[in-house]
Structure formats: C-alpha cells, structure tokens
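>>> how does the following fold in three dimensions:
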Amino acid sequence: MVAVLLAGHVLALASTISWARQLKSENSRLRQNQILLLRGEQARMERRVTKDGRNVMAIEALTLRVGELSRQGDSLLLVARSLGIRNRRLQEMARTVYRTQTVVRTMVHDSVVKIAPGRTDTLPCLSYRDPWLSFAGCLRADSFIGEIHARDTLDIVVHRIPRRFLFFRWGCKAVKMQAVGRNPHTQLTYMRYVRLAD
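Just a heads-up that it's a prediction; the model follows:
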C-alpha cells in the first residue's frame, strides 16, 4: 500500500516538474517575442553595406505557433497552402522584399521596322545592358515597346546569437536571418522571419 502511494507521488512529482519546464520554455518564447514586437518591425531590421558595396539587411526571428500565425491571417501561410504544404510540416518561413533602381544612360538610334509588305518605318530604338539589368525596345508614338530583364541573387544566412557574460558565450539568445543582394542596384526594403514552434 505504501509502495503504491509512493509510486503515485513520484509520478505526480515527475509530471509536475515536466509541466513546469514546459511553462518556463513557453514563457521564455513569449517574452522574447514580446521584446521583438515592442521594438517595432522597422526598428528590428538592421541595414548596412558590405565592403564591396552590397546591401545587407538582418532581422531576428519571431517564434510563433502555427495557430498564432493562422489567427493573425498571415499571407505566408496562404503561400504554404497554395504550394500544398500542410501546416504541421512547416519549420520556418521568411519573406524578403527588394527593389531595383538605377539610372540608365544610353544612346537612341534609328531602326528600320517592316510594318507591312512593302511598307517600312524608321523608329527610334534604344538598348542597355549590364550584368544585372538589360533592356531593348523602340519608341512608337507615345509608348515604349520592348523587354526589360533584371537579374539578382539573394544570399540568405540564418545563424544563432549566443548569450554573453563577460567573455563567456553559451546557449542561444536569438536566431537571426541576414540577406545580401548581389545586384548593386538592389535595395532590400523589408524582411520577415518566423520560426514555428512545436
């Protein structure tokens, strides 16, 4: 009888300790999210330029549950759903927005264009090419008819930031995502990084 009571108390104590650890980790997650959200999204995005002139942006990760993200009506979940990925299989989601803007100087030249059999017309045409941006086309009346091609590569690195005390480093204080655009005309304008908790 005493052995059964002792075993019951040990099981109750073990389940209470396990439950307390889960609550502690959940409180830590919520505290970190609250600190990040109170700083505001624009303040959390760190912008800088590398030595070779490429734009870099970094942001710390929010750790959310899928239910919290779906209650928010986040468009990242809609993207996952349209790709046929179930919510329970999601690990991390990110969004990076950038714009390409550059000043172009090029010469306008005339080009002979065949409009109909036996009829030709001379149109002013222009073209421009560099490793990241190219376009070519002709001006007709008040419109530009042509093609524009922009190329870019985003290099994205996800890393952890350790806790520090004096010169000791341990554990994980935060997870940060950094993105670098290779196109020098590209400027990163917005980033969002969400880690999904179990």
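
>>> could I get the contacting residues of the residue lying closest to residue 90 once chain neighbours are set aside?
Distance criterion CB to CB, 6 or more residues apart in numbering; nearest residue to residue 90, sequence neighbours excluded, is residue 196 at 5.1 Å. Every residue, glycine included, has its C-beta placed from N, CA and C. Neighbouring residues of residue 196 by CB atoms under 8 Å, 6 or more residues apart in numbering: 63, 64, 65, 66, 69, 90, 91, 92, 93.

>>> neighbours of the fifth one, just the number please.
Okay, so that is residue 69. For residue 69, the neighbour count with other CB atoms under 10 Å is 19.

>>> these two touch, right, residue 36 and residue 59?
No: using CB atoms under 8 Å, residue 36 is not in contact with residue 59, being 9.0 Å away.

>>> between the two, what contacts are shared?
Residues touching both residue 36 and residue 59 by CB under 8 Å, 6+ apart: residue 44.

>>> let's have the contacts of residue 196 in CSV, adding pLDDT.
Below are those laid out as CSV (pLDDT from 0 to 100):
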residue, pLDDT
63, 81
64, 81
65, 81
66, 77
69, 76
90, 75
91, 76
92, 79
93, 81
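
>>> quick one, phi/psi of the residue nearest to residue 90?
Backbone geometry at residue 196, expressed as degrees, to the nearest 10, gives phi -100, psi 130.

>>> what does residue 185 give?
Dihedral angles (degrees, to the nearest 10) for residue 185: phi -80, psi -10.

>>> can you check what pLDDT the model gives it?
At residue 185, the predicted lDDT confidence score is 79.

>>> so it sits against residue 100, correct?
Yes: when contacts are counted by CB under 8 Å, residue 185 is listed as touching residue 100 (5.0 Å).

>>> now do the shared contacts for the two.
Common neighbours of residue 185 and residue 100 (criterion: CB under 8 Å, 6+ apart): 132, 133.

>>> who's more crowded, those two?
Neighbours were tallied for residue 185 and for residue 100 using other CB under 10 Å; the higher tally belongs to residue 185 (18 against 15).

>>> list the contacts for the more buried one?
Contact analysis of residue 185 by CB under 8 Å, 6+ apart lists 100, 101, 102, 132, 133.

>>> output these in CSV; the columns should cover distance to residue 49, secondary structure and pLDDT.
Putting the contacts of residue 185 into CSV (distance: CB to CB, whole Å; DSSP: H, G, I helix; E, B strand; the rest coil; pLDDT from 0 to 100) gives the following:
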residue, distance to residue 49, secondary structure, pLDDT
100, 16, strand, 76
101, 15, coil, 73
102, 16, coil, 71
132, 17, coil, 81
133, 19, strand, 83
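
>>> quick check, nearest of those to residue 177?
When these are compared for distance to residue 177 (CB to CB), residue 100 wins out at 21.0 Å.

>>> distance of the closest one from residue 59?
Counting by CB to CB, to the nearest Å, the separation of residue 100 from residue 59 is 21 Å.

>>> could you do residue 179 as well?
9 Å.
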